[in-house]
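[1] show me how the following folds:
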Amino acid sequence: MSLPNYRTPTLALLGVLLLSAPASRAITITNTVTLNLSGVSISNDGSGGKLILGNISTPVAIPSFAPSVGDILVTSVSFANGDSLKITGGPNVVDSSAPTYFSSLVFFFSTASGSYTTNTTAVTYSNLVGTALPGFGTSGILGQALMGNLSLGQSVSFSGLTLTSTITGISGTPSSATQFGLFGGRAGNYEVVSAPVPDTGSTAWLSLAVGVTLLGLRARKPERVRS
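    Take a look at the predicted model:
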């Protein structure tokens, strides 16, 4: 008597299970945030450069999310009150093998525990003045870093930006991201540039002049002769 052959049914069942298993797929997570730069602290790094400390003052609450490896983050950032952030090239005291002048800025999602790593692939600036920082990288918890070499005295400024990043790794068991903020690495200087305040006096005089002109034109308009 031969033993029953379980091989074929077992393989067939395994194939059905594999086909029916849900396939994991990356999703795009979009966030739009406004950061207030008025509370940031700019300090010396002890080696001729400056640090921007905004990890305490700038974070804002965002809808909670927990990304997976492969997910894409699209984050649109604007600065409150129409302000701009200006970065000037400065010394790199972290890596002596790097070029002399170096600047970095890190936008981050904060979680209560664990960490994610990201790879930023694209950055679009709003109202960019100067030369854009050329390098993008990974830093911080869900960090989206901008890094680049600016010559001494060379600077860039912008009023916001949109970052596109991909989650490349997960360390530990991180909780969901609930806040978004920024801090800055070493640069020659950081400066918060306030939006110009409209000159209300000049605006009022202009409005008055236009009004008087219109009244004068109306007064000079000839009357129609009635038949």
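[2] what are the ranges of the helices in this protein?
    7-20, 200-220 (DSSP state H).
[3] so in terms of bridging, what pairs with the residue most central in space within the chain?
    In the chain, the C-alpha nearest the mean C-alpha coordinate belongs to Val77, at 4.5 Å (C-alpha atoms, centre = their mean). Val77 forms beta bridges with Val33, Leu161, as assigned by DSSP bridges.
[4] distance check, it against Asn36.
    12 Å (C-beta to C-beta, to the nearest Å). In short, each C-beta sits where N, CA and C put it, glycine included.
[5] same question, Phe108
    When Phe108 is compared with Asn36 (using C-beta to C-beta), they lie 16 Å apart.
[6] more neighbours, the two?
    Legend: neighbour count by other C-beta atoms under 10 Å for Phe108 and Asn36, higher for Phe108 (25 against 15).
[7] hmm, that one is touching Leu142, no?
    Yes: using C-beta atoms under 8 Å, Phe108 makes contact with Leu142 at a distance of 5.9 Å.
[8] leaving out sequence neighbours, find the closest residue to Leu150.
    Gly89 (2.8 Å; C-beta to C-beta, 6 or more residues apart in numbering).
[9] tell me who's in contact with that neighbour.
    Shown in contact with Gly89 (C-beta atoms under 8 Å, 6 or more residues apart in numbering): Tyr101, Phe102, Ser103, Asn149, Leu150, Ser151, Leu152, Gly153, Gln154, Ser155, Ala187, Gly188.
[10] now with 6 Å?
    Applying C-beta atoms under 6 Å, 6 or more residues apart in numbering, we find Gly89 in contact with Tyr101, Ser103, Leu150, Ser151, Leu152, Gln154, Gly188.
[11] my guess is Thr58 contacts Gln179, does it?
    No: Thr58 is beyond contact range of Gln179, at 9.5 Å (criterion: C-beta atoms under 6 Å).
[12] who's more crowded, these two?
    Neighbours per residue (other C-beta under 10 Å) separate Thr58 from Gln179, with Thr58 holding more: 24 against 16.
[13] what stretches of the chain score poorly on pLDDT?
    For the chain, the stretches flagged by pLDDT under 70 are 1-24, 92-100, 139-141, 198-227.
[14] how close does Leu128 sit to Val69?
    31 Å.
[15] who has more neighbours, the two?
    Counted by other C-beta under 10 Å, Leu128 and Val69 do not tie: Leu128 has more neighbours, with 16 against 13.
[16] distance check, that one against Phe158.
    Taking C-beta to C-beta, one finds Leu128 at 5 Å from Phe158.
[17] repeat for Gly188
    From Gly188 to Phe158 the distance is 17 Å (C-beta to C-beta).
[18] what's the answer for Lys50, then?
    Distance from Lys50 to Phe158, by C-beta to C-beta: 17 Å.
[19] swap in Gln144?
    Counting by C-beta to C-beta - Gln144 and Phe158 are separated by 15 Å.
[20] same deal with Ser176?
    29 Å.
[21] kindly report the same for Thr34.
    Taking C-beta to C-beta, one finds Thr34 at 14 Å from Phe158.
[22] so for these two, which residue has more residues nearby?
    Remark: of Thr34 and Phe158, Phe158 carries more neighbours, 22 against 13, as counted by other C-beta under 10 Å.
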